[in-house]
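>>> show me how the following folds:
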Amino acid sequence: MNQVVDWNDIHNSVLKALGEQRMGWADQLVLVLEDVKLSVAQRPDIFGTKLPVVVQIKQKLGGLRVYTRKMQSKYLRRAGDTCREDQEVV
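Residues are numbered from 1 along each chain as shown. Okay, here's the model as predicted:
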């Protein structure tokens, strides 16, 4: 699957993936993804130097789901702690 998040233009790529009717979700997810990007930049000893490849973002069963390649969920799990009640990371 292709990468759906452009790490150089997070906001617009998330809006494109979710659609403008889900602006509330998009704003929350952008904050989490910006935190992921910052965490990777600041702590390459923990996260390595590559940003996760987000292959799908969707709203399902009243929650937001972000799908990454299998071994990359550690990025979103650590960075998403502050928004975990609103967003589900799978």
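
>>> CA only for contacts and neighbour counts going forward, please
Will do.

>>> so the most far-flung residue of the chain relative to its centre versus Trp25, what's the distance?
Most distant from the centre of the chain: Asp45, at 20.3 Å, with distances by C-alpha atoms, centre = their mean. Between Asp45 and Trp25 the distance is 31 Å, computed by C-alpha to C-alpha, to the nearest Å.

>>> max-length helix in the protein?
Ranked by residue count and defined by DSSP state H, the top helix of the chain is helix 23-42.

>>> and that helix, what does it pack onto?
The contact analysis (3 or more C-alpha pairs under 8 Å, 6 or more residues apart in numbering; DSSP states H and E) places helix 23-42 against helix 10-18, helix 44-47, helix 73-79.

>>> and with 7 Å instead?
Packed against helix 23-42 by the contact rule (3 or more C-alpha pairs under 7 Å, 6 or more residues apart in numbering; DSSP states H and E) you find helix 10-18, helix 73-79.

>>> pLDDT on the shortest one, on average?
Which is helix 73-79. Average pLDDT, helix 73-79: 54.

>>> for stretch 21-39, same thing?
Stretch 21-39 comes out at a mean pLDDT of 90.

>>> buried ones in that stretch, by neighbour count?
Across stretch 21-39, burial judged by 16 or more other C-alpha atoms under 10 Å covers Trp25, Ala26, Leu29, Val30, Val32, Leu33, Asp35, Val36, Lys37, Ser39.

>>> tabulate these in CSV, adding columns for distance to Leu64.
Compiled in CSV, those are given as follows (distance: C-alpha to C-alpha, whole Å):
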residue, distance to Leu64
Trp25, 7
Ala26, 9
Leu29, 9
Val30, 12
Val32, 12
Leu33, 13
Asp35, 17
Val36, 17
Lys37, 19
Ser39, 21
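
>>> farthest-apart pair in the residues you listed, please.
With C-alpha to C-alpha as the measure, no two of these lie farther apart than Trp25 and Ser39, at 21.1 Å.
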